[in-house]
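# 3D model of this:
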Amino acid sequence: MWLSNSSVGRKVVMSVTGLALILFLTFHMAMNLVAIISEDAYNMVCEFLGANWYALVATAGLAALFVIHILYAFWLTIQNRKARGSERYAVVDKPKSVEWASQNMLVLGIIVIAGLALHFANFWYKMQFNEITGVLPNVDPQNGAALIRETFSNPVLVVLYLIWLGALWFHLTHGFWSSLQTIGWSNKIWFERWKLISNIYSTIIVAGFALVVIVFFAKTLLCGASC
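Sure, this is the predicted structure:
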């Protein structure tokens, strides 16, 4: 099959799944910002999603996108390393046109995956999975605001999340425009435009997530458990 047997096909799969994940991140970021405005409204959103059939179907689809994107990323990396052979060990100057993020997409991706594991443990496991299985009877799976307060009252977790978001920003800024270029939405005129758009859009997404972390941590510092 062309999408798996050729390097171009694999890049297309990477691009399409990556763009779909960016759309999810946009929705997730917007939903999280609701917690800053109104914790009750955020909990209503959590209750609406919860473990309903449509949320479970969306979660399964999202998981499939993540797995496919990650597998194809490693597949392409291995393929590129084999193609370069011993040349990759040669000491050469990197072209100025090649971004740092482009040179380190695999490392950034691994950091993003590690951050996702942390995020799943702090939220998905305690919310949707807990609602399905009842594994944590003392945790209300629909009180997402309480979990946000608890998580971001821990300075260590705050730092880890911000590092994760930094890696995500680098990953997105390169991956966004690169995906658009791969599927053909680029030319000499639009190349720099897409790079600018991807930088701005990625910054908005990551800044939105980071704002939630910082605001809730600041609330903890200012008023402690009484907030």
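
# the longest helix in this protein is where?
Secondary structure of the chain per DSSP state H: the longest helix is helix 190-223.

# Tell me which residues of that helix come out buried.
Using 16 or more other C-beta atoms under 10 Å as the test for burial, helix 190-223 gives 194-195, 198-199, 201-202, 205-206, 208-210, 212-214, 216-217, 219-220. Every residue, glycine included, has its C-beta placed from N, CA and C.

# So which bits of the helix or strand hosting Ala73 are buried?
Counting by DSSP states H and E, the element that carries Ala73 is helix 53-84. Counting neighbours by 16+ other C-beta under 10 Å, one finds that the buried residues in helix 53-84 are 65-66, 69-70, 72-73, 76.

# Which SSE is immediately downstream of it?
Assigned by DSSP H and E, the successor of helix 53-84 is helix 100-103.

# next SSE after that following helix?
Next along the chain from helix 100-103, counting by DSSP H and E, comes helix 105-119.

# outside of that following helix, which residues touch it?
With C-beta atoms under 8 Å, 6 or more residues apart in numbering as the test, helix 105-119 has contacts from 66, 70, 73-74, 77, 101, 157, 160-161, 163-165, 167-168, 170-171, 174-175.

# Just the buried ones from the residues you listed, in PyMOL syntax?
Selection of the buried residues among those in PyMOL, burial being defined by 16+ other C-beta under 10 Å:
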select buried, resi 66+70+73+101+157+160+161+164+165+167+168+170+171+174+175
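
# Pull the distance from the particular helix or strand that has Leu168 in it to the chain's centre.
Element membership of Leu168, judged by DSSP H and E, is helix 155-182. From the chain centre to the centre of helix 155-182 is a distance of 7 Å (C-alpha atoms, centre = their mean, to the nearest Å).

# Show the average pLDDT along the helix holding Ala73.
If you average the pLDDT over helix 53-84, you get 86.

# for stretch 194-208, same thing?
93.

# which outside residues touch that stretch?
Residues from elsewhere that reach stretch 194-208 (C-beta under 8 Å, 6+ apart): 22, 25-26, 29-30, 32-33, 165-166, 168-169, 172-174, 176-177, 180-181, 185-186.

# between the longest helix of the chain and helix 105-119, how many degrees?
Per axes from the mean of the first three to the mean of the last three C-alpha atoms, to 10 degrees, the angle that helix 190-223 makes with helix 105-119 is 30 degrees.

# chain center to helix 190-223, what's the gap?
The answer for helix 190-223 is 12 Å, by C-alpha atoms, centre = their mean.

# One more: stretch 103-119?
9 Å.

# Identify each buried residue in it, please.
104-105, 108-109, 111-112, 115, 119.
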